[in-house]
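J.: model this:
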Amino acid sequence: NCNSAVGLSYQRFDAEGNRIDSNRQVPGCGRIRQYYQLAMNDSGYALFAWMIQNQYPEPDELRFQIVDPNDQPLINDPHADQAGLNSITRVQGSKLLENHDFVLAGSKKTSESTYGAFVHFFSSDGQQKDEPLQINADSLTYNKYGSTHLIKISSDSTYWAIFHARSLADDEKYAYIQHISKNGTLIGGNVRIPLYDTMDADDQGRAALIWTEDGNVICQRYQLGQGSLGDPFIIHDDQASVHLFPQVTVRNDKIYTTWTDSRIEGRGIHAYASVFDWANPTDVEVIKIPHQLMLNPAYPNPFNPETCISFTLPRPGQVKVEIFDIRGRLVEILTDRFMQAGPHKIHWEASDRPSGVYICRMECDGHIRTNKLILQK
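T.: Below is the predicted model:
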């Protein structure tokens, strides 16, 4: 989460989508712009990179931080005051290696009116390791508002860059894939791909690109060096909604996507996620990420003799679910225990209760929700 006055905050989740602890603040943030990056390695370390907005004509500043699995910072001074970094205009791609070295990609001003796509290499203490790598292409031009994503293929120490640029032939904006060596030379030619909002790839060169189009969130699988895999497919189809900020991660033979929607149910912004297999992305379950405690209507209702009570927790907490009769007398305590964030279901079996109206009362962290139940025998 980005806040121009406060900085960057983040939330960790387990493999099932349950929140782990509370939100954390990235150390060293300031007047942050909208350009920021997050990357993680398999050991649970997280890399954050962002731009600090200064008063014109002072240039914006690149900053970065690494936190360990216990959310302790590794870099003492996140201010990237090093030669060659003061002309960076956007940071758009990031990769955190297992030894905590990292790579950043983005746009950089090369003259008064031109911009280039660059890659910078850093050690785990935030110091530059090698000379920056400039991605060159004779038939393309870059501008300040382009985007560059980077994936490192560790098997042969070469890099793949996926970026937006303008063609000098027709001045139209396109997306391209480039294969580049460690010393910055182009391997093969540019490969044009669909325009995308964001992308990710694993160390096997399997990339997923997602974008929004006509109210849909769309994904295209891509094998770097070989081409696209199958046709683009719809992750979420809702013509009446406004999908924003799609994100994608490719890891452990799965594709994880998230996005927000500002019009569903007409109440603010909601976050959604989907997880599906890389090899067979046909059966996709869309999951709503809750931002508040939700007690759903019981089903069936009216019922005889059993009904299902479902609810969703925005964060872990102590949950108590009770049944009261219409006079307010406690009938039964269904559960009173600590639960993880996410969806839950419990059943009430009422074969020994008389017909009538009952109240289901749920309490979690001081928040209370109630529903009416009707037992008909």
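J.: three-state assignment of Asp130?
T.: For Asp130, the secondary-structure state derived from DSSP: H, G, I helix; E, B strand; the rest coil is coil.
J.: can you give me the neighbour number for it?
T.: Using other Cβ atoms under 10 Å, Asp130 has 13 other residues around it. Placement of C-beta: from N, CA and C, glycine included.
J.: what of Asp125?
T.: Asp125: 12 neighbours (other Cβ under 10 Å).
J.: quick check: phi and psi on the residue lying closest to it once chain neighbours are set aside?
T.: Of all residues not flanking Asp125 in the chain, Ile75 sits nearest, at 6.4 Å (Cβ to Cβ, 6 or more residues apart in numbering). Per-residue torsions, Ile75: phi -100, psi 120 (degrees, to the nearest 10).
J.: begin at 153 from now on, thanks
T.: Sure, I'll start counting at 153 from here, so that last one is Ile227.
J.: just the endpoints, please. Distance across stretch 475-483?
T.: For stretch 475-483, the first and last residues are 5 Å from each other (Cα to Cα, to the nearest Å).
J.: rewinding a little: pretty sure the residue nearest to Asp277 contacts Ser275?
T.: No - in this structure Ile227 lies outside contact range of Ser275 using Cβ atoms under 8 Å: 10.1 Å.
J.: so which residue is smack in the middle of this structure?
T.: Gln399 (4.7 Å; Cα atoms, centre = their mean).
J.: partners of that residue in the sheet?
T.: When assigned by DSSP bridges, Gln399 has beta-bridge partners Thr410.
J.: hang on, the earlier thing: next, count neighbours for the residue nearest to Asp277.
T.: Counted with other Cβ under 10 Å, residues neighbouring Ile227 total 22.
J.: enumerate every residue touching it.
T.: Contact analysis of Ile227 by Cβ atoms under 8 Å, 6 or more residues apart in numbering lists Gly180, Phe216, Gln217, Ile218, Ser276, Asp277, Gly278.
J.: okay, helices next: where are they in the stretch 353-502 of the chain?
T.: Counting by DSSP state H, counting those that start in this stretch, the stretch 353-502 of the chain forms no helices at all.
J.: what residue ranges in it score low on pLDDT?
T.: For the stretch 353-502 of the chain, residues meeting the criterion pLDDT under 70 lie at 367, 388-396, 413-422, 434-443.
J.: just to revisit the earlier point, how about the contacts of Ile227 in a markdown table, adding secondary structure and distance to Arg344?
T.: Output for the contacts of Ile227, formatted as a markdown table (DSSP: H, G, I helix; E, B strand; the rest coil; distance: Cβ to Cβ, whole Å):
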| residue | secondary structure | distance to Arg344 |
| --- | --- | --- |
| Gly180 | coil | 39 |
| Phe216 | strand | 31 |
| Gln217 | strand | 35 |
| Ile218 | strand | 35 |
| Ser276 | coil | 36 |
| Asp277 | coil | 39 |
| Gly278 | coil | 35 |
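J.: are any of these buried, and which?
T.: Gly180, Phe216, Gln217, Ile218, Ser276, Gly278 (16 or more other Cβ atoms under 10 Å).
J.: beta partners for the third one?
T.: Read that as Gln217. Phe200.
J.: from Asn404, how far out is it?
T.: Counting by Cβ to Cβ, to the nearest Å, the gap from Gln217 to Asn404 is 26 Å.
J.: next: the fifth one.
T.: Applying Cβ to Cβ, one obtains 24 Å for the distance of Ser276 from Asn404.
J.: which ones are touching the residue nearest to the centre of the chain?
T.: Residues near Gln399 by Cβ under 8 Å, 6+ apart: Thr350, Ile362, Thr409, Thr410, Trp411.
J.: JSON lines for those residues, including distance to Pro449 and neighbour count?
T.: Formatted as JSON lines, the contacts of Gln399 follow (distance: Cβ to Cβ, whole Å; neighbours: other Cβ atoms under 10 Å):
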{"residue": "Thr350", "distance to Pro449": "36", "neighbour count": "19"}
{"residue": "Ile362", "distance to Pro449": "33", "neighbour count": "22"}
{"residue": "Thr409", "distance to Pro449": "29", "neighbour count": "23"}
{"residue": "Thr410", "distance to Pro449": "27", "neighbour count": "18"}
{"residue": "Trp411", "distance to Pro449": "26", "neighbour count": "24"}
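J.: strands along the stretch 353-502 of the chain, start to end?
T.: 358-365, 368-375, 379-389, 395-403, 406-413, 422-429, 437-441, 446-447, 458-465, 469-477, 482-491, 494-501 (DSSP state E, counting those that start in this stretch).
J.: give me the neighbour count for the residue lying closest to Ser276 once chain neighbours are set aside.
T.: The shortest distance from Ser276 to any non-neighbouring residue, by Cβ to Cβ, 6+ apart, is to His252 (3.6 Å). Look at His252: counted by other Cβ under 10 Å, it has 18 neighbours.
J.: ok, His252 touching Tyr197?
T.: Yes - His252 lies in contact with Tyr197 (Cβ under 8 Å); the separation is 6.0 Å.
J.: what's the overlap in contacts for those two?
T.: Joint contacts of His252 and Tyr197 (Cβ under 8 Å, 6+ apart) are Ile218, Leu226.
J.: span of stretch 454-474 from start to end?
T.: Terminal-residue distance, stretch 454-474 (Cα to Cα): 18 Å.
J.: ok, now stretch 312-326?
T.: End-to-end distance of stretch 312-326 (Cα to Cα): 17 Å.
J.: what's the neighbour count on Arg358?
T.: Around Arg358 there are 21 residues (other Cβ under 10 Å).
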